[in-house]
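**Q** Build the 3D model from these lines:
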Amino acid sequence: MHVVGAPWVRVGLRTALAFAGTAVILGSALAFRAADWPVYVAFTVLSVVLFPPFVSVLPRMGLPLPALANVIGFLYIGGPPIIVLAGATSLITRFLMIAWSRTKQTAGTQPDARAGAQARTFFRQMMMARSGAPLDALGEWAVLPIGLAARWWIASALAPEGPPVTDAVAIAAAELGSYTCWALLAALPIYPDGPLFPYAKRPSRGRAGKDPAAYEAYRRAVSDIGLIIVLAVTPFVFLIVSGFRTYGLGGAVVWSLFSLGLHLMLKRLNERRLTVEAQNQQLEALNRELQQRERLSAIGKMSSVISHQTLHELGVIGIYADLIRNTSAGAEAGAAVEQLKRHGVAIEEALTKVNGTLKDLLVFSKDLRLNLYEHPVHRVVEESVEGCRAAASERGVRLNCDCSANATIRLDKLKLTQAIGNVLRNAIEASPPGAEVQVRASLQNDGAEITIGDGGPGVPERDREAIFTPFFTTKEHGTGLGLAIAREFVEAHGGTLTVETCTPGWGARFVLRLPLTER
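**A** Numbering: from 1, shown residues only. Predicted coordinates:
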């Protein structure tokens with residue numbers, strides 16, 4: 001149960017933050033001093049100028065970075081009243097911006113729109129909240145004054161003699177403490193989409209978490225916010241404080257205005273980030289389209305191979321079924337029975353081939369989750385060879401097995417046995433009658449090496465990789481899945497499967513390598 005994200009917990013946290021933010025505002029209002037009126041006036045005018053430039057870092061989330069640098073810098077100069085003025089000037093500026101934008105959009109509004117819905121939308125825009133509910137807005141809004149209050153409390157505790165404009169260590173400690181406070185508050189589930197802090201938000205929860213790609217983009221953007229604030233805003237805060245300490249109020253004002261350069265720089269960087277993200281999305285879309293086309297191509301090739309194989313065997317079954325149906329009634333009973341048996345065996349063989357084709361296709365389409373247990377290598381190889389002796393005997397091919405690999409490996413016995421068996425059957429089919437297929441298992445360096453050599457014509461160099469491609473076959477009635485399945489199973493164990501051609505006319509040599517340690 002995800003208790004932290006429960007609705008009652010979220011409502012309680014928003015309520016607590018709303019009360020805490022209100023307490024900070026009331027306490028800050030009581031700290032006004034008439035002697036500091038020039039600082040308050042300068043800050044208010046600068047806030048109106050610096051608030052509109054936003055950098056849109058996330059959808060529905062913009063950062064007024066020049067205004068943020070101005071607020072933090074003047075906090076060390078004017079004290080807690082700056083928190084009150086920051087909230088008041090931001091609300092006034094938002095009201096003017098929204099009212100001005102609405103006057104331009106009046107012609108496009110719906111005449112039957114409800115006044116209540118318009119008021120909620122206006123309230124959400126005023127408070128910069130991602131939800132229209134008043135409690136949501138107050139809970140999100142309270143994060144800023146609480147962080148500013150933590151900043152001032154740390155600075156004043158380390159510099160008790162007065163405003164900490166002359167104590168760089170106190171300001172640095174206050175900056176670090178305040179960012180930590182904001183990070184902890186952002187990790188709380190007070191936002192409609194869940195926690196804002198990227199590592200506190202699970203990919204399976206929240207609006208951004210439903211899509212892993214969207215969540216990763218969300219996570220990168222939030223990480224960018226932290227870098228932007230810490231590495232860009234903080235230097236300007238120190239410049240504003242230094243300007244006030246060196247040149248008075250005029251120096252602080254000048255450095256606050258210079259923070260507009262920060263906005264232009266970050267806006268350009270953010271635009272590049274958005275462009276790169278858009279290009280990445282286009283690239284991912286193209287990759288998905290390419291994968292879809294490759295799947296369609298594989299399906300088409302698979303359909304062709306399976307249809308050809310199945311139709312051929314069905315044709316064979318039809319021929320022998322017709323021979324059975326037209327068996328002469330006057331034929332000798334014993335001869336007729338023998339003939340029917342031969343036809344039945346031929347039909348059974350054809351059905352076995354169809355069944356083998358469908359079985360290969362089913363195995364190829366399954367996932368590659370392994371059931372790993374400790375097994376002796378030599379025993380797995382010997383069982384694989386024994387499973388192919390009947391096919392070798394039928395073709396007149398001798399099997400020679402030499403297993404000196406006395407080692408135990410964590411492996412999926414069924415899948416590895418099938419992989420070795422597929423390579424063995426391929427070697428048997430490639431070898432002429434009377435030839436010998438040699439199977440050897442030995443320890444080489446840090447792994448086990450299984451080699452299977454046949455007496456066939458070998459594999460041309462141009463086809464050494466192609467033979468492991470699904471549905472590639474040089475046989476008239478092959479599916480091309482046997483070696484593909486073998487390589488997939490071997491690679492799932494962290495091993496490799498390759499083919500080497502010996503002296504021309506002396507067959508091929510398949511080399512299967514497995515690591516002794518689990519990967």
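
**Q** Flag the shaky bits of the stretch 251-400 of the chain, pLDDT-wise.
**A** For the stretch 251-400 of the chain, residues meeting the criterion pLDDT under 70 lie at 294-309, 311-312, 328-331, 333, 353, 356-368.

**Q** swap that for the stretch 51-200 of the chain, sorry
**A** For the stretch 51-200 of the chain (pLDDT under 70), the answer is 55-62, 97-140, 190-200.

**Q** give me that answer again for 80
**A** The model of the stretch 51-200 of the chain has pLDDT under 80 over residues 51-65, 90-141, 161-163, 183, 186-200.

**Q** What segments of it are helices?
**A** With DSSP state H, counting those that start in this stretch as the criterion, the stretch 51-200 of the chain has helices at 65-78, 81-104, 115-127, 134-141, 143-158, 168-187.

**Q** May I see those organised as a markdown table, with distance to residue 240 and mean neighbour count added?
**A** In this view, the C-beta of every residue, glycine as well, is placed from N, C-alpha and C. Formatted as a markdown table, these follow (distance: least, C-beta to C-beta, whole Å; neighbours: other C-beta atoms under 10 Å):
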| stretch | distance to residue 240 | mean neighbour count |
| --- | --- | --- |
| helix 65-78 | 3 | 27 |
| helix 81-104 | 12 | 16 |
| helix 115-127 | 27 | 14 |
| helix 134-141 | 24 | 20 |
| helix 143-158 | 14 | 20 |
| helix 168-187 | 11 | 18 |
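
**Q** Throw those into CSV and include distance to residue 332, thanks.
**A** Shown next, in CSV, are the helices of the stretch 51-200 of the chain (distance: least, C-beta to C-beta, whole Å):
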stretch, distance to residue 332
helix 65-78, 102
helix 81-104, 102
helix 115-127, 96
helix 134-141, 95
helix 143-158, 100
helix 168-187, 92
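
**Q** what sits against residue 242?
**A** Neighbour list for residue 242: 251, 255 [criterion: C-beta atoms under 8 Å, 6 or more residues apart in numbering].

**Q** how much space between it and residue 159?
**A** Per C-beta to C-beta, to the nearest Å, residue 242 is found 15 Å from residue 159.

**Q** So residue 509 belongs to a strand, correct?
**A** Yes. Applying DSSP: H, G, I helix; E, B strand; the rest coil, one finds residue 509 inside a strand.

**Q** Burial check on it, number of neighbours?
**A** Neighbour count for residue 509, taken as other C-beta atoms under 10 Å: 19.

**Q** now swap in residue 346 and tell me
**A** Using other C-beta under 10 Å, the number of residues around residue 346 comes to 16.

**Q** again with residue 514
**A** Neighbours of residue 514 under the rule other C-beta under 10 Å: 22.

**Q** Name the residues of the helix or strand encompassing residue 483 that are buried.
**A** Using DSSP states H and E, residue 483 maps to helix 482-492. Neighbour-count burial for helix 482-492 flags 482, 483, 484, 485, 486, 487, 488, 489, 490, 492 (criterion: 16 or more other C-beta atoms under 10 Å).

**Q** now, which of these sits nearest residue 450?
**A** For the buried residues of helix 482-492, the closest approach to residue 450 (C-beta to C-beta) belongs to residue 490, at 9.4 Å.

**Q** Which secondary structure state does residue 400 sit in?
**A** Per three-state DSSP, residue 400 ends up strand.

**Q** Pairing partners for it in the sheet, please.
**A** Judged by DSSP bridges, the bridge partners of residue 400 are residue 438.

**Q** roughly how far apart are it and residue 498?
**A** Plainly put, residue 400 is 21 Å away from residue 498 if you go by C-beta to C-beta.

**Q** between those two, who's got more neighbours?
**A** Between residue 400 and residue 498, counting by other C-beta under 10 Å, residue 498 is the more crowded of the two (14 against 11).

**Q** Buried residues, the helix or strand hosting residue 392. List them.
**A** Counting by DSSP H and E, the element that carries residue 392 is helix 377-395. Within helix 377-395, the residues that count as buried by 16+ other C-beta under 10 Å are 377, 378, 380, 381, 384, 385, 388, 392.

**Q** What are the contacting residues of it?
**A** Residues from elsewhere that reach helix 377-395, judged by C-beta under 8 Å, 6+ apart: 398-399, 401, 403-409, 411, 413, 416-417, 420-421, 424-425, 428-429, 431, 433, 437, 439, 441, 448, 450, 514.

**Q** Which one, of the helices of the stretch 51-200 of the chain, ends up nearest to residue 28?
**A** helix 81-104 (4.4 Å).

**Q** Strands - which of the contacts of helix 377-395 land there?
**A** Per DSSP state E, strands hold the following members of the contacts of helix 377-395: 398-399, 401, 403, 408-409, 411, 437, 439, 441, 448, 450, 514.

**Q** thought residue 145 was touching residue 85?
**A** No. Judged on C-beta atoms under 8 Å, residue 145 makes no contact with residue 85 at a distance of 11.4 Å.
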